[in-house]
Each structure stands twice: as structure tokens, then as C-alpha cells.
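J.: predicted model and sequence below, questions to follow.
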Amino acid sequence: MDSRLYFVIGDLLANLLVGLLVGALCAVLVGHGWLMFWTMLLTMTLGMIVGLVMFFPLGMLFGAMEIMLPTMFSGMVSGMVVGMWCTMHTMTAGAGAAIGAICGLASLVMIWVLNNEVRGVRAFPQGQSDNGR
């Protein structure tokens with residue numbers, strides 16, 4: 001994942017947008033009383049499809065692999081959370097969009113933290129930094 005400001009802001013906006021769209025779609029599509037298991041599968045799939053579709057315009061701006069995984073994961077998580085929530089309580093599209101956006105941001109933070117854990121601590125020779133990749 002790129003740590004330059006343009007790409008960090010792009011990641012934030014992309015995941016917010018995908019979470020927002022998926023949350024609103026799930027709030028509109030899923031009704032109160034649906035079976036939770038099938039709803040979770042449906043909304044998870046819907047979230048991944050929206051993430052994949054949004055990947056094409058966003059990937060041209062912010063890089064293919066840097067956008068694909070986080071947006072599809074954010075879409076999947078947003079879809080599952082909002083979809084499962086809608087089976088228990090009625091939800092407006094605005095509330096679904098807000099919850100989806102929060103899920104998108106939480107997913108991005110989790111991906112950044114796990115990515116840093118996988119990479120581990122990297123030592124640079126004195127006077128050098130990671131800025132000039």
C-alpha cells in the first residue's frame with residue numbers, strides 16, 4: 001500500500017464511497033424479517049460486486065492492487081453488517097449509507113494495520129527513509 005498522501009486520501013475516499021453505496025443499496029433491498037443466512041450471502045456478494053465495479057474507475061486514479069482489495073473487502077463487510085441489521089430492524093437508505101461508510105473506514109483501518117504487521121519493522125540505514133520509493 002502506498003503511503004503518499006494522494007494515495008492515502010484516495011484509499012479513504014474509495015472505501016467511504018463503496019461502503020456508502022453498498023450500505024444504501026442493502027438498506028433499500030433487504031426487508032425486515034428476511035432469513036439472515038441468505039441475506040448475509042446476498043449482501044456480501046452484492047458488496048463485492050459493487051466493490052469490483054467501483055474498482056475500475058478508482059483503480060485508474062489510485063492504482064489497481066491498492067484499490068481492489070480494500071474496496072471489495074469494504075463492500076463485503078458493509079453489505080454483511082447493513083444487510084444483517086436490516087433483517088432485524090427497518091432502516092432508511094441514509095442510515096444504511098452512514099453505517100456502510102463507517103464499515104468502509106473500519107475495514108480500511110484494519111487492512112492498514114494488518115499490512116503493517118505483515119511487513120514488520122524495517123530498518124533503514126542512517127539518513128535514509130521510506131519516502132523515496
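T.: The structure has been received and is ready for your questions.
J.: what ranges do the helices span in the chain?
T.: 5-29, 36-62, 64-88, 93-119 (DSSP state H).
J.: highest average neighbour count across these?
T.: helix 64-88 (a mean of 23; mean count of other Cβ atoms under 10 Å). All C-beta spots, glycine's among them, are computed from the backbone N, C-alpha and C.
J.: mind checking how far the residue nearest to the spatial centre of the chain is from residue 68?
T.: The residue at the geometric middle of the chain, judged as the C-alpha nearest the mean C-alpha position with Cα atoms, centre = their mean, is residue 74 (2.0 Å). In this structure, residue 74 and residue 68 are 11 Å apart, going by Cβ to Cβ, to the nearest Å.
J.: so what's in contact with the two at the same time?
T.: Overlap between the contact sets of residue 74 and residue 68, as judged by Cβ atoms under 8 Å, 6 or more residues apart in numbering, is given by residue 51.
J.: so where is the protein shaky, pLDDT-wise?
T.: With pLDDT under 70 as the threshold, the chain has low-confidence stretches at 1-3, 123-133.
J.: try 90 this time
T.: 1-11, 32-33, 55-56, 58-69, 112, 115-133 (pLDDT under 90).
J.: distance check, residue 58 against residue 109.
T.: 18 Å.
J.: correction: the previous question concerned residue 44.
T.: 20 Å.
J.: now do residue 84
T.: Relative to residue 109, residue 84 is positioned 21 Å away (Cβ to Cβ).
J.: one more: residue 59?
T.: Residue 59 sits at a distance of 21 Å from residue 109 (criterion: Cβ to Cβ).
J.: do the same with residue 121
T.: When Cβ to Cβ is applied, the distance between residue 121 and residue 109 equals 20 Å.
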